[in-house]
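Asker: with the input below, show me the fold.
(2 chains)
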Amino acid sequence: MDRRWRVPVMAAVVLAVAAACTPAPAKQKVADPGTEVSGTVEFWHFFTDREAAAIDSVVADFKASHPKINVVVKSGQDDSKMTQAIGAGQGPDVGLSYSTDIVGKFCASNAWLDLGPYLSRDKVSLDGFPATVRQYTEYKGKRCSMPVLADAYGLYYNKKMFADAGITAPPKTLDELADDAKKLTKRKADGTIQVAGFLPEWGFYENSPSHLGPAVAGKWLNDDGSSAIGRDPNWQTLLKWQKSLVDWYGYAKLESFRAALGDEYSDANAFQKGQVAINIDGEYRIAFAKDQAKDLDFGVAPIPTASPDLYGSGYVTGNVIGISRNAKNPEAAWELIKYLTTDTAAIVKLANSLKNIPSTKDALASKDLQLDPEFKTFIDIFNNPKSSTTPPSSSGPAYQETFQNFCLEWQAGKVPDLDAGMKNIDKQINSLLQLGG
Amino acid sequence: MSRVRHGLTVASFMAPAGIGIAVFFVYPLISAVYFSFTKFDLLTPPEWVGLRNYRHVFEDPYLHKAAWNTLWLVLVLVPARMLGGLGSALLLASLRRAKGLFRTIFYLPALAPPVAATLAFVYLLKPGVGPVNHFLGALGIPGPLWFNSAAWAKPSLVLLGLWGVGDVMILYLAALLDVPTEHLEAAQLDGANAWQRFRHVTLPAISPVVLFTAVIGVITTLQYFTQAAVAASVASNQATVGEGVSSGFGYPEGATFTYPLWLYQVGFRYNAFGYANALGVILFVAAFSVTLILLRRSRTMEAAA
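Answerer: Numbering: from 1, shown residues only, chains lettered A, B, ... in the order given. Below is the predicted model:
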């Protein structure tokens, strides 16, 4: 071959191989009703240790009731690994993710199979799932995932500190939250913070626009998937309220105070240690607090809201499960998913072990559900019709994290013009959605 | 015939390395260039978008912030580690007693895995509870917020890099021990002082190692990821969230947000693998260019010497 052509020809060959090695969607077939299902299912999930044992226990029950199906469980698998495995044609039959952020991507790209045909064939009604749960498990009308337990976010408060400060009930509005936070805050002689009534910084533990968005009914995305954040005045209400409280403390003082606090999921959690009197967290904190801070006397309540009609609602999310498009045994995979997501006894057993909220109405009403007294508050938040979630997007959490980054700059006083900044946010998010969506 | 046979023999000896380079370097590199002109999510066939990914580079504020942080680290961390490594090596080379003990002590931190080393370092420097600020406080010096301060976070990463400077130090030490003693003695007899001996005898003798550490330092720092990601997660009190990648990258205020972190984020979190590949190609070109410049500068300096 002529030397001049060697490099271009080699490059062309490599490009052809690269293009050929990229995935293409396969056609989906569903067996006829009544077909006997058997074989092995590979099941990946993200849990580890105690929580992985809970999954194993429920899978053992499944195997006992489905003796012809064997399940190979692989714990500690994260979403990145699952994405790469599916892209490479080596995905598991069943994948369980901790994040609803993957639903848009996996539905849009067919990484997870459309479960609609299975649901219709087996006459599984979606009416058994709360509306918000149905929302975060489908994308643009395509149901490629099912819910496995859920989380709801609420307000935790230290009862002793409330009593000492003469506060008789948890705050219901954002203004009351700010007032209580100020009353509960203790400062040292030099003005530095000793105890924060409420640590309002974005990025601290669970304080994120996602978790506080329902407090102002903040809108994330338009129907066409583009960003609605910049034009929704409710977000500005939340940002201005938060900044006013940050300024009351002093940003530098808050940063200094936060720097010495312990890790969120360790026993040095600031709320559990009494360094913060009010905190935002999920229902799972009840189990952590009772385990790690046995003397802590705490109460729970819905997150305070900007207007009274929103009170009682909150942020809801959960684990999602689906069948990889390169599943070797999709029928058996569906049997496992159907069991984990619709069998009341299985859901209740998992909820009792993991201390998460059951994701079906029947399981929520089950008498076998072992409820801590505080847990009822989270179930009410979960059932509230105004509770909401972050909508699935084909670009995953790009819109949430871009906005969160903006909020971090805002609280640090680096955004001189909020209106202009919010409009710019839409532009940035829409660019990212275009690149990845 | 014998020429063909000879050619085949040579090719068979070269084949293992050649296949490795083709499969693990040439193929990924050309693929990355191809994917950088596409919209790609790992899961569906790529869609050709021309130069769109490269055009977005100019309007991406997070990329600009990340590129600045990485450039800062290249400009500060690389020289700091080179000087730190050279300084410790000079110190160790001049020791007369307990050489082995001190070499081991100086080298040990470099053996710590980056995640463990970063975790330990952040806890040592943690304001309020870490021993470093307690010690400074006892001396009447108010310690800074280190990894929790936008101004101090990058210098703290430099300190972490200096603490683990053993990998660079060992190269300098080997080179210093190779400097011919007769040259140094001759220079001393000619009346050269310590600085002159170092500048005109030692430095030219170890210049290949200086060049090597500079090139490797720049390439490694352009890919700076682990320490920045771990330090931000731990300092923001979210080390044990355990749900995959932390959204706390860059804490505080984006001070530790490096170019590779953004590349990872847009690819694996936002599914923009085409754009992530474009960022990868730019990083490769940058590393390649800096290496070429350093090599040329070095040749010019050698010629001048």
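
Asker: burial measure for the closest residue to chain B within chain A, as a count.
Answerer: The nearest approach of chain A to chain B comes at residue A:260, 2.6 Å away (CB to the nearest CB). The way it works is simple: take the backbone N, C-alpha and C, and place the C-beta from them, glycine included. Applying other CB atoms under 10 Å in any protein chain shown, we find 18 residues neighbouring residue A:260.

Asker: the one 3 residues further on now?
Answerer: Look at residue A:263: counted by other CB under 10 Å, it has 18 neighbours.

Asker: contacting residues around it?
Answerer: By CB atoms under 8 Å, 6 or more residues apart in numbering or on different chains, the contact list for residue A:263 reads A:269, B:234, B:237-240.

Asker: just the buried residues out of these, in ChimeraX syntax.
Answerer: The buried residues among the contacts of residue A:263 can be selected in ChimeraX (16 or more other CB atoms under 10 Å in any protein chain shown) with this line:
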select /A:269 /B:234,237,238,239
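
Asker: what about the contacts of residue A:263, which are in strands?
Answerer: Among those, no member falls in strands (DSSP state E).

Asker: and the contacts of residue A:263, which two are the farthest apart?
Answerer: A:269 and B:234 (14.7 Å; CB to CB).

Asker: so residue A:149, which of the three states?
Answerer: strand (DSSP: H, G, I helix; E, B strand; the rest coil).

Asker: which non-adjacent residue is nearest it?
Answerer: Nearest non-adjacent residue to residue A:149, counting by CB to CB, 6 or more residues apart in numbering or on different chains: residue A:356, 3.9 Å away.

Asker: low-confidence stretches in chain B?
Answerer: For chain B, the stretches with pLDDT under 70 are B:1, B:240-247, B:301-305.

Asker: any idea which element the residue in it positioned nearest to chain A lies in?
Answerer: Residue nearest to chain A within chain B (CB to the nearest CB): residue B:128, separated by 2.6 Å. Following DSSP states H and E, one finds residue B:128 outside all helices and strands.

Asker: what's around it, how many residues?
Answerer: 15.

Asker: wait, it sits on residue A:260?
Answerer: Yes - Residue B:128 is within contact range of residue A:260, at 2.6 Å (criterion: CB atoms under 8 Å).

Asker: returning to what we had before: the residue of chain B closest to chain A: what's it in contact with?
Answerer: A:259-260.

Asker: before we move on, what about the one 4 residues further on?
Answerer: Shown in contact with residue B:132 (CB under 8 Å, 6+ apart): B:124-125, B:143, B:146.

Asker: farthest pair within those?
Answerer: Maximum pairwise distance in the contacts of residue B:132, criterion CB to CB, is 11.2 Å, between B:124 and B:143.

Asker: more neighbours: these two, which one.
Answerer: Using other CB under 10 Å, the more surrounded residue of residue B:124 and residue B:143 is residue B:143, with 18 against 15.

Asker: helix or strand for the nearest residue to the more buried one once chain neighbours are set aside, which one?
Answerer: Nearest-residue entry for residue B:143: residue B:133, 3.2 Å, with adjacent residues in sequence omitted and distances by CB to CB, 6+ apart. Using DSSP H and E, residue B:133 maps to helix B:131-138.

Asker: and residue A:311, how far from residue A:208?
Answerer: Using CB to CB, to the nearest Å, residue A:311 is found at 20 Å from residue A:208.

Asker: the more surrounded of these two?
Answerer: Set residue A:311 next to residue A:208 and count neighbours by other CB under 10 Å: residue A:208 wins out with 21 against 18.

Asker: separation between residue A:37 and residue B:73?
Answerer: For residue A:37 relative to residue B:73 (CB to CB), the value is 55 Å.

Asker: now do residue A:221
Answerer: Looking at residue A:221 against residue B:73, where the rule is CB to CB, the gap reads 36 Å.

Asker: which one's more surrounded, the two?
Answerer: residue B:73 (23 against 18).

Asker: just to check, that one is in contact with residue B:223?
Answerer: No - using CB under 8 Å, residue B:73 makes no contact with residue B:223, being 10.6 Å away.

Asker: sec struct for the nearest residue to residue A:146 once chain neighbours are set aside, please.
Answerer: Once flanking residues are discounted, residue A:146 sits nearest to residue A:341: 4.0 Å by CB to CB, 6+ apart. What three-state DSSP gives for residue A:341 is helix.

Asker: who are the contact partners of residue A:341?
Answerer: Contact partners of residue A:341, counting by CB under 8 Å, 6+ apart, are A:146-148, A:321, A:347, A:359-360.

Asker: cool, and residue A:126?
Answerer: A:119, A:134, A:143.

Asker: most surrounded residue in the residues you listed?
Answerer: In the contacts of residue A:126, the most neighbours by other CB under 10 Å go to residue A:143, 21 neighbours.

Asker: that residue and residue A:115 touch, don't they?
Answerer: Yes - using CB under 8 Å, residue A:143 is in contact with residue A:115, at 5.0 Å.

Asker: residues contacting the residue of chain A closest to chain B?
Answerer: Residue A:260 sits next to B:126-129 when contact means CB under 8 Å, 6+ apart.

Asker: for those, which one is nearest residue B:271?
Answerer: residue B:126 (35.2 Å).

Asker: wait, the closest one touches residue A:258, no?
Answerer: No - using CB under 8 Å as the test, residue B:126 is too far from residue A:258 to be in contact (11.3 Å).

Asker: compare the two (neighbour count), which wins?
Answerer: Neighbours were counted for residue B:126 and for residue A:258 using other CB under 10 Å; residue A:258 has more, 26 against 23.

Asker: next secondary structure after the helix or strand harbouring that one?
Answerer: Secondary structure assignment for residue A:258, by DSSP H and E: helix A:251-259. Following helix A:251-259 in sequence order, the next helix or strand is strand A:276-282 (DSSP H and E).

Asker: report the inter-axis angle for that following strand versus helix A:251-259.
Answerer: With axes from the mean of the first three to the mean of the last three CA atoms, to 10 degrees applied, the angle from strand A:276-282 to helix A:251-259 works out at 70 degrees.

Asker: elements contacting strand A:276-282?
Answerer: strand A:146-158, helix A:174-184, strand A:193-198 (3 or more CB pairs under 8 Å, 6 or more residues apart in numbering or on different chains; DSSP states H and E).

Asker: next, the residues that contact it from outside, please.
Answerer: Contacts to strand A:276-282, defined as CB under 8 Å, 6+ apart, come from residues A:151-158, A:161-162, A:170-171, A:177, A:180-181, A:184, A:195-199, A:205-207, A:211-212, A:261, A:270-271, A:303, A:378.

Asker: for PyMOL, what selects the buried ones among the residues you listed?
Answerer: Selecting only the buried entries of these in PyMOL, with 16+ other CB under 10 Å as the criterion:
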select buried, chain A and resi 151+152+153+154+155+156+157+158+161+162+170+171+177+180+181+184+195+196+197+198+199+205+206+207+211+212+261+270+271+303+378
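
Asker: what distance separates whatever helix or strand residue A:331 lives in from the centre of its chain?
Answerer: Residue A:331 belongs to helix A:330-342 when elements are defined using DSSP H and E. Distance, stretch centre to chain centre, for helix A:330-342: 22 Å (CA atoms, centre = their mean, to the nearest Å).

Asker: next, the buried residues of the helix holding residue B:133.
Answerer: Neighbour-count burial for helix B:131-138 [16+ other CB under 10 Å]: B:132-133.

Asker: also stretch A:378-391?
Answerer: A:378-384, A:387-391.

Asker: in JSON lines, list the residues you listed along with secondary structure, pLDDT and distance to chain B.
Answerer: Shown next, in JSON lines, are the buried residues of stretch A:378-391 (DSSP: H, G, I helix; E, B strand; the rest coil; pLDDT from 0 to 100; distance: CB to the nearest CB, whole Å):
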{"residue": "A:378", "secondary structure": "helix", "pLDDT": "96", "distance to chain B": "19"}
{"residue": "A:379", "secondary structure": "helix", "pLDDT": "93", "distance to chain B": "23"}
{"residue": "A:380", "secondary structure": "helix", "pLDDT": "94", "distance to chain B": "25"}
{"residue": "A:381", "secondary structure": "helix", "pLDDT": "96", "distance to chain B": "21"}
{"residue": "A:382", "secondary structure": "helix", "pLDDT": "94", "distance to chain B": "20"}
{"residue": "A:383", "secondary structure": "helix", "pLDDT": "92", "distance to chain B": "25"}
{"residue": "A:384", "secondary structure": "coil", "pLDDT": "94", "distance to chain B": "25"}
{"residue": "A:387", "secondary structure": "coil", "pLDDT": "95", "distance to chain B": "21"}
{"residue": "A:388", "secondary structure": "strand", "pLDDT": "94", "distance to chain B": "19"}
{"residue": "A:389", "secondary structure": "coil", "pLDDT": "93", "distance to chain B": "16"}
{"residue": "A:390", "secondary structure": "coil", "pLDDT": "94", "distance to chain B": "12"}
{"residue": "A:391", "secondary structure": "coil", "pLDDT": "93", "distance to chain B": "15"}
